[in-house]
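*Asks:* Just to be clear, the model below is a prediction. Sequence and coordinates:
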Amino acid sequence: MNPSPRLPSGPTRDYEIPTMRTLKLIPLLAATLAPVLAADAADPGPGFSVKHMDPAVAPGADFAKFSAGGWYARTTIPSDKSRWGGFDELAERNWGHVRALVEAAAANPGAPGSKTQKVGDMFAAAMDVAAINARGLKPIEPMLARIAAVKTPEELAAVCAEMHVEIGNPLFGMAFYADQKKSDTYGFYLGQGGMSLPSKEYYFSEKFARERWEFTGHVARMLELAGEPKASAYQKAETVFALEKAMAENAKLPVELRDRLANYNKMTIADAIAAYPGLSLRRFIDGLGVPAGARFGEHDAIPVPLRQFAGREAVRGGFGGRQREAEQEGEKPVRRDLHGAGRLGGSAPGRQAGAGGDLRTGA
């Protein structure tokens, strides 16, 4: 019997099952590290450090605590996060370095036309909330006008392509990266998307009823900011939610998306266009400028044909929301909140060990 085909490993994995050879190395590893464990690191940082370990725990009894018990004991999930791990610490540190760089560029822009001046000006402009508010909808009025003018699925697909290039990813996700079975070839990937809430469960489970209600109100407020009369904003927000729920109905859960074999559905562009006639993929692909010989390395099915006006409202609601979040200084946007702390596992900080050595808030 031939062995089951396996895909190349991705850039990261949550865990790896140890082999017998690996298990035999544990005593040797512990003995090798013993002298190092006695050394003191002043600032362990987000990378490996013996200070993150707990040498009092036998590695054969609990390797997770042996390798990271010190870090577990000292670490609490920040109040604005739903999970926390080494990669999160690294990301926060890197963002701090980036912030220092752009603030320095804004304070000392250097010679006119230099890269430093361009970076500094861009950062300063993005942080000037008063100027952003004063301009109002002016920067996005052309795009809003193109969305409002949509009359057919083909026109909707063309606008979606334009938005994928300029901002956002309405209705479905797309990416260009290596073929999962042939790493020296790039593929054009289309995958499920169009869901503002974190996953399929948020659209159907009773435990997320409050989040659904908050999300609909948030979309209504974004539509009002985009010029929709208050009387009709909530009705159209319900249309946006109904379309997203229809897309979520056939969406895969996060655990299902981890199955690399089940989600590898390579096809030619011609086959994809034939498989999804309701999506007007030809117009979308032409709008992106995808090469004629490209193949889809599709991760998962795109579920429902687009209904003309519902699709237009979904695109408009999502686009307006992303553009105007900066103006809501006293109000935390629901979408950001749902993907951040409060709703994913509890708003209060706490400790709970998760897969891969992370800390996660308790449900």
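*Replies:* Looks like it came in fine.
*Asks:* so Gly69 makes contact with Met53?
*Replies:* Yes: contact criterion C-beta atoms under 8 Å: Gly69 and Met53 qualify, at 6.5 Å. All C-beta atoms are positioned from the backbone trio N, CA, C, and that covers glycine.
*Asks:* Just want to know which of the two has more residues nearby.
*Replies:* Met53 (21 against 18; other C-beta atoms under 10 Å).
*Asks:* quick one: that one from Phe63, how far?
*Replies:* Separation of Met53 from Phe63 (C-beta to C-beta, to the nearest Å): 11 Å.
*Asks:* for Glu166, same thing?
*Replies:* 48 Å.
*Asks:* Please identify which of those two sits among more neighbours.
*Replies:* Using other C-beta under 10 Å, the more surrounded residue of Glu166 and Phe63 is Phe63, with 16 against 9.
*Asks:* List phi and psi for the more buried one.
*Replies:* phi -70, psi -30 (degrees, to the nearest 10).
*Asks:* what does Tyr189 give?
*Replies:* Dihedral angles for Tyr189 - degrees, to the nearest 10 - are phi -100, psi 130.
*Asks:* and what of Leu279?
*Replies:* The phi and psi values for Leu279, taken as degrees, to the nearest 10, are phi -100, psi -10.
*Asks:* For stretch 67-86, list the C-alpha coordinates in CSV.
*Replies:* The C-alpha coordinates for stretch 67-86 follow below in CSV (Å, rounded to 0.1, in the frame of the first residue of the first chain):
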residue,chain,number,x,y,z
SER,A,67,11.2,24.1,28.7
ALA,A,68,9.0,27.1,29.5
GLY,A,69,7.8,26.8,33.1
GLY,A,70,9.7,29.9,34.2
TRP,A,71,8.0,31.9,31.5
TYR,A,72,4.6,30.5,32.4
ALA,A,73,5.1,31.5,36.1
ARG,A,74,6.1,35.1,35.3
THR,A,75,3.8,35.9,32.4
THR,A,76,0.2,37.2,32.5
ILE,A,77,-1.8,37.8,29.3
PRO,A,78,-2.0,41.6,28.7
SER,A,79,-5.5,43.0,29.3
ASP,A,80,-5.9,44.0,25.7
LYS,A,81,-5.0,40.5,24.3
SER,A,82,-6.9,37.2,24.1
ARG,A,83,-3.7,35.2,23.8
TRP,A,84,0.0,35.7,24.4
GLY,A,85,3.1,33.7,23.5
GLY,A,86,6.7,34.1,22.4
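*Asks:* what's the spacing between Ser232 and His97?
*Replies:* 46 Å.
*Asks:* higher neighbour count, the two?
*Replies:* Ser232 (12 against 9).
*Asks:* Now for the more buried one: which residues touch it?
*Replies:* Residues in contact with Ser232 (C-beta atoms under 8 Å, 6 or more residues apart in numbering): none are found.
*Asks:* Domain parsing of this protein, as residue ranges.
*Replies:* Domain assignment for the chain by automatic domain parsing gives 27-34+48-75, 83-127, 129-328.
*Asks:* hey, where'd the helices end up in the stretch 1-150 of the chain?
*Replies:* 20-24, 26-37, 63-74, 86-107, 115-127, 129-135, 141-148 (DSSP state H, counting those that start in this stretch).
*Asks:* Let me know which of those helices is the nearest to Glu155.
*Replies:* Nearest to Glu155 among the helices of the stretch 1-150 of the chain is helix 141-148; the distance by C-beta to C-beta comes to 8.7 Å.
*Asks:* Alpha carbons of that closest one, in PDB - could you do that?
*Replies:* Taking C-alpha atoms only, helix 141-148 is exported to PDB below (Å, rounded to 0.1, in the frame of the first residue of the first chain):
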ATOM      1  CA  GLU A 141     -15.800  59.500  -2.400                       C
ATOM      2  CA  PRO A 142     -14.700  58.200  -5.800                       C
ATOM      3  CA  MET A 143     -14.700  54.600  -4.600                       C
ATOM      4  CA  LEU A 144     -18.100  55.000  -2.900                       C
ATOM      5  CA  ALA A 145     -19.500  56.400  -6.100                       C
ATOM      6  CA  ARG A 146     -18.200  53.400  -8.100                       C
ATOM      7  CA  ILE A 147     -19.800  51.000  -5.500                       C
ATOM      8  CA  ALA A 148     -23.100  52.900  -5.700                       C
END
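*Asks:* So which elements touch that helix?
*Replies:* When contacts are defined as 3 or more C-beta pairs under 8 Å, 6 or more residues apart in numbering; DSSP states H and E, helix 141-148 sits against helix 153-166, helix 308-324.
*Asks:* mind putting the domains of the chain in JSON lines, mean pLDDT included?
*Replies:* Below are the domains of the chain laid out as JSON lines (pLDDT from 0 to 100):
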{"stretch": "domain 27-34+48-75", "mean pLDDT": "81"}
{"stretch": "domain 83-127", "mean pLDDT": "91"}
{"stretch": "domain 129-328", "mean pLDDT": "81"}
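*Asks:* deepest of those domains, which one?
*Replies:* Neighbour counts (mean count of other C-beta atoms under 10 Å) averaged over each of the domains of the chain peak at domain 129-328, with a mean of 17.
*Asks:* Torsion angles phi and psi at Gly191?
*Replies:* According to degrees, to the nearest 10, Gly191 has phi -140, psi 170.
*Asks:* likewise Ser183?
*Replies:* Here is the backbone geometry of Ser183 (degrees, to the nearest 10): phi -70, psi -10.
*Asks:* The chain should start at 540 in everything you say after this.
*Replies:* Let's use 540 as the start, then, which means that last one is Ser722.
*Asks:* any idea how far it is from Gly659?
*Replies:* Ser722 is 39 Å from Gly659, by C-beta to C-beta.
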